[in-house]
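Student: I would like to see how this sequence folds:
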Amino acid sequence: MPNIKPVGSALGVEVWGLDLSTAISADDCWSLRTLLNEHEVIFFRNQDITPEQQRALASSLGPLQTHPAYDTVDGHPEVTILESTAEKPTKIEAWHSDMTFREHPPMATVLRSVVVPPRGGDTLWSSMTAAYTALPGDMQAFLGELTAVHDFAHGFRESLNEPGGHERLASALKNYPPVSHPVIRTHPETGKKVIFVNSLFTTHIEQLSRQESDRILRFLFKHITGMQFTCRFEWQPHSIAIWDNRSTQHKPVNDYFPAHRRLFRITVDGDRPY
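Tutor: Residues are numbered from 1 along each chain as shown. Have a look, this model is predicted:
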């Protein structure tokens, strides 16, 4: 097992002792999954790897997904480019889990820094396991009976409202209609319960009136941001974050405008939430 240093009390560790530029052995893959299950997000420094090596790293965790809305690295359709410039600043600054608009949302995400601003641009993570555990028992029972709708169009509404947005994202709208997921899902490897709604993609709870749904979702979206559930990571050149997308949410901090920020992201296929 590599050396680790905790980042937050609820989740997150920095990891040393693994060279991610080399092929991941079976033992290293076991170590990564063990660390993800226990700490939910793991961080690496000084990992100057190529897109091919990042792809190999992500593939060690499972089959890879593609994203319908982002540009990708030439020759690597699984490697999406997350970039913010003075001319085209990023639009997303909401707490979310990646791609919950899919029937099978990612089980994990591998994010690598390519260009980082001289200051700012951190990312926050929150443990949905810890946030669920902190709920009162009657609230846990109530939420455990509910399902919620997740919608690609809701998460990308700003892009859709741009000139030509509907035309550019027409295939994504067709291929990813709204889907229903449990409000509280079970982690398939640990068996723990986690909150599984997020402010970017979740539109409403199906069993409640719109007013009741909005009230409950506002409460949950606020609840998961409690400092006791979160950790913060300062990006440096050649940093890598790998997180369990089933049991965390994250939020980019867009405090670096007009500086340039460029990250490469890969998502690993997951199961249907239950």
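Student: how about A58, phi and psi?
Tutor: phi -60, psi -40 (degrees, to the nearest 10).
Student: scratch that, M128
Tutor: Main-chain torsions, M128, degrees, to the nearest 10: phi -80, psi -20.
Student: Now for it, how many residues are close by?
Tutor: Neighbour count for M128, taken as other Cβ atoms under 10 Å: 29. Every residue, glycine included, has its C-beta placed from N, CA and C.
Student: do I184 as well
Tutor: Neighbours of I184 using other Cβ under 10 Å come to 24.
Student: in the worst-scoring helix or strand of the chain on mean pLDDT, what's buried?
Tutor: Lowest mean confidence among the helices and strands of the chain (mean pLDDT, DSSP states H and E): helix 157-160, at a mean of 86. For helix 157-160, a neighbour-count test (16 or more other Cβ atoms under 10 Å) marks 159-160 as buried.
Student: Name the surrounding residues that touch the following helix or strand past that helix.
Tutor: Counting by DSSP states H and E, the element after helix 157-160 in chain order, helix or strand, is helix 165-168. With contact meaning Cβ atoms under 8 Å, 6 or more residues apart in numbering, helix 165-168 is reached by 159-160, 173.
Student: those helices in this structure, which residues are they?
Tutor: Assigned by DSSP state H, the helices in the chain fall at 26-39, 51-59, 128-133, 137-143, 152-155, 157-160, 165-168, 170-175, 210-223.
Student: Switch those helices over to TSV; also include distance to V7.
Tutor: Formatted as TSV, these follow (distance: least, Cβ to Cβ, whole Å):
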stretch	distance to V7
helix 26-39	8
helix 51-59	20
helix 128-133	14
helix 137-143	27
helix 152-155	27
helix 157-160	31
helix 165-168	37
helix 170-175	34
helix 210-223	21
